[in-house]
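> For reference, the sequence and a predicted model appear below.
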Amino acid sequence: MQRFFAIVNPAAGGGRSAKLAGVALARLRQNRLHVDSVASTGPGHAVELAREAYDQGYRQFLAVGGDGTAHEILNGVFAGRKSVERVALGFLPLGTGNSFLRDFSKNGAETATQAILENRKRAIDLIRLNHATGEVVSFNLLSVGFTADVAALTNRAFKPFGPLGYLLGVFVRVAQLHRRSFALRCDEDQDWDERRSLFLTFNNSKYTGGTMLIAPQADPTDGLIEFVRWGPIGRLGLLRNLPRLYDGSHIKHPLASRRAVRHVEFNISAPVDIMIDGEVATLECRSLDVLPAAVDVFL
């Protein structure tokens, strides 16, 4: 089926998506693209819609919203399936963050739309998280610790403020600072790494929170997971170094490290908050694996 299946999240961007989605879709239809569209009604609904659309034969999807909309579509297609026919995903980025697109262009919205009109696609990797009750796929990043704490607070209290809301979440979590151990080992490691840390992030792309360059060496097409760790920095040191999260220079801090891996195994016996593509879930994590060149995206 060559039609696009567009899922509109009307709540994305503080309601901005609901106002602009019609115009964005009309532009595609005016260029003779066949687009069937439906609006999601709440968290998790886009997963169900994408799963049903895939089962009906759709292989081209449009995420009309933010990173969370794209995340749900990919999980509707991939999560829980042993094999998936080749699918393509396009973006009409009308949400708050849209971090993923920043890897490819500063003008992500226009670039993404033009790519759809020109049928310009590239293959990107996905990351699969296996947890105690199932699996989740990610196209942007997964993170535990400070970054997940900030995202949880931002989504609960500050999301209507956009990028400013994320900054508010950052400063509140600095005041409540927690540095914890998340035991893990990567690839051929024999020993568990149980060191305390500020955060651990497992990245497919460079940005999070819209503009934070959390993993400057990440590449969504290299078949690898970019693993960034920041050790147990104190409040004053974190406040002094927060601006470095926006230009990627935090990676040079003595407590920071990065490595490219393919497999991560966790030894965490209880559920923890984990940020996945900007959303937060509480899961008992088991392992991460990269899915090389798993999906085509219009970019």
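Yep, it's here.
> going forward, measure contacts between C-alpha atoms and count neighbours the same way
OK.
> Now stretch 30-48: buried residues?
Within stretch 30-48, the residues that qualify as buried by neighbour count (16 or more other C-alpha atoms under 10 Å) are 33, 35, 37, 39-40, 44-47.
> Kindly report the same for stretch 156-165.
158-160, 162-163, 165.
> out of the residues you listed, who's nearest Ala218?
Nearest to Ala218 out of the buried residues of stretch 156-165 is Pro163 (C-alpha to C-alpha; 22.1 Å).
> thinking again about what came up before, could the buried residues of stretch 156-165 go into CSV alongside distance to Lys106 and pLDDT?
As requested, these are arranged in CSV below (distance: C-alpha to C-alpha, whole Å; pLDDT from 0 to 100):
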residue, distance to Lys106, pLDDT
Phe158, 24, 88
Lys159, 22, 77
Pro160, 23, 78
Gly162, 18, 72
Pro163, 16, 72
Gly165, 21, 85
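> JSON lines please, covering those and showing distance to Ile116.
Below are these laid out as JSON lines (distance: C-alpha to C-alpha, whole Å):
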{"residue": "Phe158", "distance to Ile116": "32"}
{"residue": "Lys159", "distance to Ile116": "29"}
{"residue": "Pro160", "distance to Ile116": "29"}
{"residue": "Gly162", "distance to Ile116": "26"}
{"residue": "Pro163", "distance to Ile116": "27"}
{"residue": "Gly165", "distance to Ile116": "31"}
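> Low-confidence ranges, this protein, go.
For the chain, the stretches flagged by pLDDT under 70 are 1, 96-97.
> ranges for the helices of it?
Here the chain has its helices, by DSSP state H, at 16-30, 45-55, 67-78, 108-117, 146-153, 163-175, 235-241.
> Highest mean neighbour count out of the ones you listed?
The highest average neighbour count among these, using mean count of other C-alpha atoms under 10 Å, belongs to helix 67-78 at a mean of 26.
> List of residues touching that helix?
Residues from elsewhere that reach helix 67-78 (C-alpha atoms under 8 Å, 6 or more residues apart in numbering): 7-9, 44, 46-51, 54, 61-63, 84, 89, 91, 93, 95, 97-100, 136-139, 277-279.
> Could you check how far it is from the centre of its chain?
10 Å (C-alpha atoms, centre = their mean, to the nearest Å).
> before we move on, back to that, which of the buried residues of stretch 156-165 sits closest to Ser105?
Distances from Ser105 to the buried residues of stretch 156-165, taken as C-alpha to C-alpha, are shortest for Pro163 (18.3 Å).
> That closest one and Val170 touch, don't they?
No. Using C-alpha atoms under 8 Å, Pro163 makes no contact with Val170, being 10.8 Å away.
> What lies in contact with the lengthiest strand in the chain?
Secondary structure assigned by DSSP state E gives strand 285-298 as the longest strand of the chain. Here strand 285-298 makes contact (C-alpha under 8 Å, 6+ apart) with 86-91, 112, 115-116, 119-132, 221-225, 262-268, 271-272.
> let's see it at 6 Å
With C-alpha atoms under 6 Å, 6 or more residues apart in numbering as the test, strand 285-298 has contacts from 87-90, 115-116, 120-131, 223, 262-266.
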